[in-house]
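S.K.: Need coordinates for the below:
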Amino acid sequence: MSAKAEIPVGQKFGELTILGRAPNPGRSGGCFVFARCDCGTESRFSLRSIVRRGVSKCNRASHWDRGIIAKGEELIGQRFGVLTVIAATADRSVTPGGSRAAQVLTRCDCGAERFARITDLNGGSVRSCGGDVHKTIPAQAKRWEVRGKRGTYAIKAVGTDLVKIGAARDFKARMWKMQPFCPVELRMVASSESDIEKRLHVLLKPHRAHGEWFHANEKVMSVIADLMTPANLSVFEEAQTARAGSKEGSKHRCKRCGDLGHHAKTCARPLGE
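M.R.: Purely as a prediction, here's the structure:
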């Protein structure tokens, strides 16, 4: 529109009410006007942007805050789970991505008050203040946790004078984990259904070599024989048998030794060979 265009003073476009002509802020042509938004903010606009481009409200923070508060006020008194919306606020929650989300103040049935995002309340992801009083459902066991009673084992490193005394819920699974990282064959020589690991470590402390490994002298082996039951388990031999008897065409091929019939995790070949 030209500078001589008629100014529709008093006319309302959306939430903007035209107040009068305004000076041009730059060298370019065009007609500018002062307009008052329903939020109370007065600003200068291009008349073309209002009439032809559809600008219908100001872009001030106060206008958006007014909308956020109005949105929150509509939820006052509503319940979401054990949360009740008690107040609206213009403060917004900053998400990890940097965006700002509208939120309201809620009161939990336990008495705690917290801010909650409106989208979380409507979506159902927030239903309580998150306090300990609401954590009544026991957490599920992690997938790597092993259930059952712990027992004690004694494992001999073949060709050495060392024996390892430890505790586990699954002796065979424990040996499958240790064997690939040991340069010699490991053989279980004794076991106990009871968890007497700490008791044995105290009795055999003078004969400790390192960590859970002890010197396999006469004293150590005598204590093991008195308190534990003899056993004979070697996953190294099982792996050798599995490789020798593997069926042609098996879809499982070991990435460590190249043989069929087992995975690298259960391969008995020591690392580096």
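
S.K.: ok, now which ones touch E212?
M.R.: K164, I165, G166, H201 (C-beta atoms under 8 Å, 6 or more residues apart in numbering). Where C-beta positions appear, they are placed from N, C-alpha and C, glycine not excepted.

S.K.: swap in T119?
M.R.: A101, A102.

S.K.: when you give positions from now on, start the count at 59
M.R.: Shifting the count to begin at 59 puts that one at T177.

S.K.: Point me to the helix or strand that includes it.
M.R.: helix 176-181 (DSSP states H and E).

S.K.: The helix or strand following that helix - contacts with which helices or strands?
M.R.: Next helix or strand after helix 176-181 toward the C-terminus (DSSP H and E): strand 209-215. If you count contacts as 3 or more C-beta pairs under 8 Å, 6 or more residues apart in numbering; DSSP states H and E, strand 209-215 packs onto strand 220-226, helix 229-236, strand 244-250.

S.K.: Reformat those as JSON lines; add mean pLDDT, mean neighbour count and distance to R266.
M.R.: As requested, the helices and strands packed on strand 209-215 are exported to JSON lines (pLDDT from 0 to 100; neighbours: other C-beta atoms under 10 Å; distance: least, C-beta to C-beta, whole Å):
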{"stretch": "strand 220-226", "mean pLDDT": "94", "mean neighbour count": "20", "distance to R266": "10"}
{"stretch": "helix 229-236", "mean pLDDT": "88", "mean neighbour count": "16", "distance to R266": "18"}
{"stretch": "strand 244-250", "mean pLDDT": "92", "mean neighbour count": "19", "distance to R266": "18"}
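
S.K.: Out of those, flag the one nearest V91.
M.R.: helix 229-236 (77.8 Å; C-beta to C-beta).

S.K.: could I have the closest one exported to PDB, CA atoms only?
M.R.: Output of helix 229-236 as PDB, limited to C-alpha atoms (Å, rounded to 0.1, in the frame of the first residue of the first chain):
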ATOM      1  CA  PHE A 229      28.900 -72.700  38.100                       C
ATOM      2  CA  LYS A 230      29.000 -73.800  34.500                       C
ATOM      3  CA  ALA A 231      28.000 -70.300  33.200                       C
ATOM      4  CA  ARG A 232      30.800 -68.800  35.300                       C
ATOM      5  CA  MET A 233      33.400 -71.100  33.900                       C
ATOM      6  CA  TRP A 234      32.200 -70.400  30.300                       C
ATOM      7  CA  LYS A 235      32.900 -66.700  31.000                       C
ATOM      8  CA  MET A 236      36.400 -67.300  32.600                       C
END
